[in-house]
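[1] Sequence and computational prediction follow.
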Amino acid sequence: MQIRLDGKRALVTGGNSGIGAAIVRELAAAGARVAINYVVHPELANALVAELQAANAGAASAVAVGVQADVSDATQVEAMYAELDRQWGGIDILVNNAGIDGAPAPTWEADPANFERVLRVNLQGSFLCARSALKRMTAQRSGVVLNMSSVHERIAWSGFGAYTASKAGLAMLTQTMAQEAAPFGVRVLALAPGAIRTPINQNVWSNPDSLRDLLTKIPLGRMGEPAEIAQVATFLVSGAASYMSGNTVFVDGAMTDYPEFAHGG
Ligand code: BGC
């Protein structure tokens, strides 16, 4: 089985760093044209565009473009899709990857503004981007939306109520959108990574004590690498996964087993 995405037009939100950047690289390697959405650090998006252009020097048209938009802002999302329409005439693959985890605090000490911000980026932002994508995909009767969830759509995480709630919400939004879009031949899936070494959790893996504690919760005994998520993401948005829709695929080193694992030692 060879996974190819030649001719496909993909948008990856938060594509300028971490898991998003790994997905951008993998989709481009499979032949897709990729729009790299970002809200801050344009220099990272620009560097990634340059890297992909250099790797595809012979390509007839641009294989990568950077598009700035805050996914939680409906007006900016509309403008981003208008730009993709102008450049590409539409979209075939959306990876809703942009996300934040927010400032940790037990619920009774949590800042309501922080809670709202996390929900706005992770859940409302995914909704807004999927809404614009599905409008186009259902009309053309093809396309895939992949929502980046987390093991924390299923397992609790003290101090991160907004994050866990946003990911659990995203899981059900995925199922509902999949049901709505299925009659149009459009698939909607979620991918739930476990602990992957990226900037979002650098504070955990750069501290030996918190890393040791984290590893006791991962049966495979190590953190994952962004490429291990990107490979599965590429498979899920490809024709090789044509009969998959409406659920969450966990890529977590068996971390969702961890309560039992921790007890059983
Ligand atoms: C979070 C990471 C965390 C991992 C496992 C992810 O959703 O973004 O910070 O390490 O879950 O707990």
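    The structure has been received and is ready for your questions.
[2] And the helices in the stretch 1-150 of the chain, which stretches?
    Here the stretch 1-150 of the chain has its helices, by DSSP state H, counting those that start in this stretch, at 18-29, 42-55, 74-88, 112-119, 125-140.
[3] If V95 is in a bridge, with which residues?
    Going by DSSP bridges, V95 is paired in beta bridges with V12, L146.
[4] rewinding a little: which stretch among the helices of the stretch 1-150 of the chain comes nearest Q202?
    Nearest to Q202, of all the helices of the stretch 1-150 of the chain, is helix 18-29, at 9.7 Å by CB to CB. The way it works is simple: take the backbone N, C-alpha and C, and place the C-beta from them, glycine included.
[5] Next, the angle helix 42-55 makes with the closest one.
    20 degrees (axes from the mean of the first three to the mean of the last three CA atoms, to 10 degrees).
[6] For helix 18-29, which residues meet the burial criterion?
    Neighbour-count burial for helix 18-29 flags 18-28 (criterion: 16 or more other CB atoms under 10 Å).
[7] Show me what it packs onto, helices and strands only.
    On a contact count with 3 or more CB pairs under 8 Å, 6 or more residues apart in numbering; DSSP states H and E, helix 18-29 meets strand 9-12, strand 33-38, helix 42-55, strand 93-96, helix 226-236.
[8] Near the ligand, which residues of the stretch 101-250 of the chain? Just list them.
    Within the stretch 101-250 of the chain, the residues that sit near the ligand (CB under 6 Å from any ligand atom) are 101, 150-152, 194-195, 200-201, 204.
[9] switch to 5 Å and redo it
    Contacts of the stretch 101-250 of the chain with the ligand, taken as CB under 5 Å from any ligand atom, map to 150, 195, 200-201.
[10] For the helices and strands packed on helix 18-29, give me JSON lines that also has distance to A171.
    Formatted as JSON lines, the helices and strands packed on helix 18-29 follow (distance: least, CB to CB, whole Å):
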{"stretch": "strand 9-12", "distance to A171": "20"}
{"stretch": "strand 33-38", "distance to A171": "22"}
{"stretch": "helix 42-55", "distance to A171": "28"}
{"stretch": "strand 93-96", "distance to A171": "12"}
{"stretch": "helix 226-236", "distance to A171": "15"}
